[in-house]
Structure formats: C-alpha cells, structure tokens
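how would this look folded up:
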Amino acid sequence: MVNWVERREKLSAENFAEVEKILGVRLPQDYIDWFQQYNAIENRNAHILIDDEPYHFDEFYDLDEIPEEVEAWFEDDEELKETNLLVPFGFDSALNPYCFYYGQKKEHPIIIWFSSDEAISELFNGAELNLDLVRYVRPTFTEFINDLYVRTDY
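Numbers count the residues shown, from 1 in each chain. Have a look, this model is predicted:
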C-alpha cells in the first residue's frame, strides 16, 4: 500500500483554475480533489503495472511547474498542442512523465507514460498516439492512484 503525505494546507480551487486557464483545459476533478489534499509519496517506491510490467512513479509536479513543462514541450509546435495536448502531473526517477492526454476532445483525458528521451512530435501519428512510444496507463486519475503499489520483489 502506498502512503501519501498530506498537505499542511489544502490547495484552493483558484490554484487549479489558474493552471486550467493557462492550459485551456479543465483538469480532471478526481485529480483536483486528490491533489488538494496530498502532495507526495511517503517512501518514493511506488510502482504501477503497465502491460504487466512494473513502472516506477516517483513524484508529482507542483501546479506551477505544469504550464512551464507544457510550454517547453510545445514551444515549436502550437498546432500539435491544439490537437494532442499532454499535461504532465508526475514523473518517475528517470524524469519520464505521467501525463493527462487530452487529444482533440479536450475533456476526459486518459493517463499515459512516455520516455523523456522521445521528442514530443514523435509521440503522435497525426492525431493518434504512437503506441510504439507511448504507454497507456489508466483511464482515470482515481484508477491510477488506486493501482499504485509499493514494490517489494527486488
């Protein structure tokens, strides 16, 4: 079981609204509800199974880091940002991001993972994810959180 570090002070809805305004999308409500209360993993040894393989999860981005990361990824390709928006919320120990993928619909994002060695433009085949480079993680943030576990087999 993963133990979470609670925030000393709950984040306000305004904190999230500011990020949403910058990004032009609504963050998932389950993410907002959870992230208002918690901000870290107690032991940083969390994993999640993706295609029956354990993937490490290390840490969450601070809210103010999220727009900066999105801007850096898409600075040379605003059109790609419009059709395939990725919003990172966390990363593993190698800084590979876990992201909300909005695609063209701009609502109800899924969660994906990809290697930080890949160029953002390579993650897509037109308006579709390049599933050779991107890993589908979970359909919702709640499922992501619930499926994290502390790996003890190594």
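
for the helix or strand encompassing residue 113, packing partners?
Applying DSSP states H and E as the criterion places residue 113 in strand 110-114. If you count contacts as 3 or more C-beta pairs under 8 Å, 6 or more residues apart in numbering; DSSP states H and E, strand 110-114 packs onto strand 97-103, strand 134-138. No exception for glycine: its C-beta is placed from N, CA and C like everyone else's.

how big is the angle separating the first one from strand 110-114?
Angle between the axes of strand 97-103 and strand 110-114 is 130 degrees (criterion: axes from the mean of the first three to the mean of the last three C-alpha atoms, to 10 degrees).

mind giving me the packing neighbours of strand 97-103?
Going by 3+ C-beta pairs under 8 Å, 6+ apart, strand 97-103 lies up against strand 85-91, strand 110-114.

buried sites along the helix or strand of the chain with the lowest mean pLDDT?
Ranked by mean pLDDT, DSSP states H and E, the helix or strand of the chain with the weakest confidence is helix 78-83, at a mean of 83. Under the neighbour-count criterion of 16 or more other C-beta atoms under 10 Å, helix 78-83 has 80-81 buried.

which outside residues touch that helix?
By C-beta atoms under 8 Å, 6 or more residues apart in numbering, the surrounding residues in contact with helix 78-83 are 70, 74, 103-104, 120-121, 124, 127.

highest neighbour count among these?
Counting neighbours by other C-beta atoms under 10 Å, residue 70 comes out on top of the contacts of helix 78-83 with 22 neighbours.

I'd assumed residue 84 was in contact with that one.
No - with contact defined as C-beta atoms under 8 Å, residue 70 does not reach residue 84; the gap is 11.6 Å.

what segments of this protein are helices?
If DSSP state H is used as the criterion, the helices of the chain fall at 13-23, 29-37, 65-74, 78-83, 141-147.

which elements pack onto the third one?
The reference is to helix 65-74. Using 3+ C-beta pairs under 8 Å, 6+ apart: helix 65-74 touches helix 13-23, helix 78-83, strand 85-91.

and what of the last one?
Counting contacts by 3+ C-beta pairs under 8 Å, 6+ apart, helix 141-147 is packed against helix 29-37, strand 46-50, strand 134-138.

between these, which one is nearest to residue 150?
strand 46-50 (6.4 Å; C-beta to C-beta).
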